[in-house]
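Student: output the structure for:
(one chain, ligands or ions: 1)
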Amino acid sequence: MKHISIGIIGAGTMGNGIAHVFSLFDFDVLVVDIDKSILDKAKSTIAQNMNRQLKKGTINSQKMTDSLDRILFSKSINDLKECDLVIEAIKEDIDVKSRVFADLDSICKKSTILASNTSSISINKLAEATNRPDKIIGMHFMNPVPIMKLIEIIVGNKTSKDCLDFIMDLSKIIDKIPVKCNDAPGFVSNRILMPMINEAALCLEEGIATVESIDEIMVLGMGHPMGPLKLADLIGIDVCIYILNILYNDFNNNKYKPAEVLLSMKKNNKLGKKTGEGFYKYEF
Ligand SMILES: NC(=O)c1ccc[n+]([C@@H]2O[C@H](COP(=O)([O-])OP(=O)(O)OC[C@H]3O[C@@H](n4cnc5c(N)ncnc54)[C@H](O)[C@@H]3O)[C@@H](O)[C@H]2O)c1
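Tutor: Next up, the predicted model:
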């Protein structure tokens, strides 16, 4: 297992975190992105995050140097051809992801497993873009990847048992806890989380409580580490709306319709932490 090489396509928030974790566990990693500036940023973010671990004493300087040396960066998808596993972490858009899966299918060797880190897009639909549906699987890492233990493993209709076993074993080697579910809109995590965020937004919209009170009630009353509105800011209001719309359309059920307050925040570019303002204000 140690000799397998990992490809990651998409070097943004999730891609650089996934590269970080695999390299710390001695895997060779090749990170591909279409944007050179994102690759440069990913390189420095990984170094910064490892430096934090170094200061905390969770890794030593030799481990950090070796791990950073194991990560290569490229702008060419063709460089992924020899990888044993490619994890896709590009933007959440079914057409763009399907094209990348079709390209990977023609570029990579026959035995390569193609995994997606999608938060909501159907693994079965991505598999349809390839001629290897038995080797397509969801590996839904949580943000921030180096810290969060869970990987939600999404099993498609045609995912083989060998592929699933391999991904479950590999996830444990990188000290994560893989938990399986079948392919369905929002999987388990977002099917439960997004309606909660939407209800919190509706409580605000209907004047039932303030932002702070809604979050405090859920933190103190339910033992959640963070209130739903603060969490929505962290995820991004645009991302929450995108996932709610997938649930709304796929289940054809009004209960998933994004709250007006979310839609107007998106219109005003109050997307949460990433734009400096969402339900709360943030300083950069
Ligand atoms: N951010 C989160 O909290 C989170 C959590 C779990 C899962 N996800 C999922 O992970 C995926 C990535 O999310 P993110 O937040 O890292 O996004 P991001 O916007 O930070 O990064 C996406 C990267 O993909 C690159 N990209 C786009 N098209 C490409 C292509 N054709 N080839 C190569 N690179 C391409 C972009 O240049 C960008 O750097 C999405 O599917 C998202 O739903 C995100």
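
Student: what's across from Ser74 in the sheet?
Tutor: Beta-bridge partners of Ser74, counted by DSSP bridges, are Val32.

Student: how deep is it tucked in, by neighbour count?
Tutor: 16 (other Cβ atoms under 10 Å). Backbone N, C-alpha and C define where each C-beta goes, glycine included.

Student: for the one 3 residues further on, same thing?
Tutor: Applying other Cβ under 10 Å, we find 18 residues neighbouring Ile77.

Student: wait, it touches Ala102, no?
Tutor: No. With contact defined as Cβ atoms under 8 Å, Ile77 does not reach Ala102; the gap is 11.1 Å.

Student: domain parsing for this structure?
Tutor: What the record gives for the chain is the domain set 5-182, 190-274, from automatic domain parsing.

Student: need the ones you listed in a markdown table (columns: distance to the ligand and mean pLDDT).
Tutor: Listed next are these as a markdown table, based on distance: least, Cβ to the nearest ligand atom, whole Å; pLDDT from 0 to 100:
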| stretch | distance to the ligand | mean pLDDT |
| --- | --- | --- |
| domain 5-182 | 2 | 97 |
| domain 190-274 | 6 | 97 |
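
Student: let's have the ones you listed in CSV, adding distance to Phe284.
Tutor: Compiled in CSV, these are given as follows (distance: least, Cβ to Cβ, whole Å):
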stretch, distance to Phe284
domain 5-182, 15
domain 190-274, 10
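
Student: and Ile151, what element?
Tutor: With elements delineated by DSSP states H and E, Ile151 resides in strand 150-155, which encompasses its position.

Student: which outside residues touch that strand?
Tutor: Strand 150-155 has contacts (Cβ atoms under 8 Å, 6 or more residues apart in numbering) with 123, 137-142, 164, 167-168, 171, 176-183, 187-189.

Student: please spell out the PyMOL selection for the buried subset of those.
Tutor: Under the burial definition 16 or more other Cβ atoms under 10 Å, those of the contacts of strand 150-155 that qualify are selected in PyMOL by:
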select buried, resi 123+137+138+139+140+141+142+164+167+171+176+178+183+187+189
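
Student: which residue packs closest to Ile243, ignoring adjacent ones?
Tutor: Ser120 (4.6 Å; Cβ to Cβ, 6 or more residues apart in numbering).

Student: phi and psi next, for that neighbour.
Tutor: Main-chain torsions, Ser120, degrees, to the nearest 10: phi -160, psi -10.

Student: now do Lys281
Tutor: phi -100, psi 150.

Student: let me know the pLDDT of it.
Tutor: Here the pLDDT value assigned to Lys281 is 98.

Student: so what's it bridging to?
Tutor: Glu277.

Student: mind checking how far it is from Phe22?
Tutor: According to Cβ to Cβ, to the nearest Å, Lys281 stands 36 Å off from Phe22.

Student: repeat that for Lys255.
Tutor: Using Cβ to Cβ, Lys255 is found at 38 Å from Phe22.

Student: the more surrounded of Lys281 and Phe22?
Tutor: The residue with the greater number of neighbours, taking Lys281 and Phe22 and applying other Cβ under 10 Å, is Phe22; the counts read 26 against 10.
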